[in-house]
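In: what's the 3D shape of this:
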Amino acid sequence: MVFFGEYQVNLSGSGRFLLPKRIREFLKGNIFVLTKGFDNSLAGYDKEDWERRTSGLLNPSPLQQADLKERREIFSALSYLEIDEQGRFVIPKNLLIYASLKEEAVIIGVGDHFEIWSPEKWKEYNRKSKAKN
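Out: Modelled structure (predicted):
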């Protein structure tokens with residue numbers, strides 16, 4: 001499973017987007033995980049892969065402040081989303097706001113996961129990245 005490519009998608013309702021077929025092909029089933037990512041993007045994961053990776057986070061000591069902070073950040077924004085027969089899904093309002101998504105989005109493959117960006121933030125990220133080189 002390797003998510004790859006860059007795709008421009010349009011909003012077709014209140015938070016409804018079409019997940020590109022090349023991204024859907026690497027998901028096992030019609031449910032995936034979406035949460036806050038870095039740089040105000042959203043991060044999407046195959047459900048089974050996400051649950052396998054995060055199982056270790058579910059057993060920390062409740063007395064460890066750093067563990068609790070990490071769990072709050074990761075799990076408070078997490079959503080299990082269902083893809084319909086046409087390949088569409090609805091992003092929850094809190095995640096739309098976090099990622100500044102309105103009418104369009106850029107979906108990119110990042111190997112082990114995919115990210116959803118507002119077109120403006122994606123352009124800004126690329127501009128800053130190129131300026132560092």
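In: ok, then the element right after the helix or strand of the chain with the lowest mean pLDDT?
Out: None of the helices or strands of the chain scores lower by mean pLDDT, DSSP states H and E than helix 65-75, at a mean of 77. For helix 65-75, the following helix or strand on the C-terminal side (DSSP states H and E) is strand 79-82.
In: for that next one, which positions count as buried?
Out: Across strand 79-82, burial judged by 16 or more other CB atoms under 10 Å covers 79, 81. Placement of C-beta: from N, CA and C, glycine included.
In: so what does it touch, helix or strand wise?
Out: Where contact means 3 or more CB pairs under 8 Å, 6 or more residues apart in numbering; DSSP states H and E, strand 79-82 is packed against strand 31-36, strand 88-90.
In: coming back round to it: what's the offset of the least confident helix or strand of the chain from the middle of its chain?
Out: With CA atoms, centre = their mean, to the nearest Å as the basis, helix 65-75 stands 18 Å off its chain's centre.
In: with stretch 125-133 instead?
Out: 22 Å.
In: how about that stretch: buried residues?
Out: Tyr125.
In: let's see that stretch as PDB, backbone CA atoms only.
Out: Presented in PDB, the C-alpha positions along stretch 125-133 are these (Å, rounded to 0.1, in the frame of the first residue of the first chain):
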ATOM      1  CA  TYR A 125       3.900  25.000   1.500                       C
ATOM      2  CA  ASN A 126       5.400  24.300  -1.900                       C
ATOM      3  CA  ARG A 127       6.700  27.900  -2.200                       C
ATOM      4  CA  LYS A 128       8.300  27.800   1.200                       C
ATOM      5  CA  SER A 129       9.800  24.400   0.600                       C
ATOM      6  CA  LYS A 130      11.400  25.500  -2.700                       C
ATOM      7  CA  ALA A 131      12.700  28.600  -1.100                       C
ATOM      8  CA  LYS A 132      14.600  26.500   1.500                       C
ATOM      9  CA  ASN A 133      16.400  24.600  -1.300                       C
END
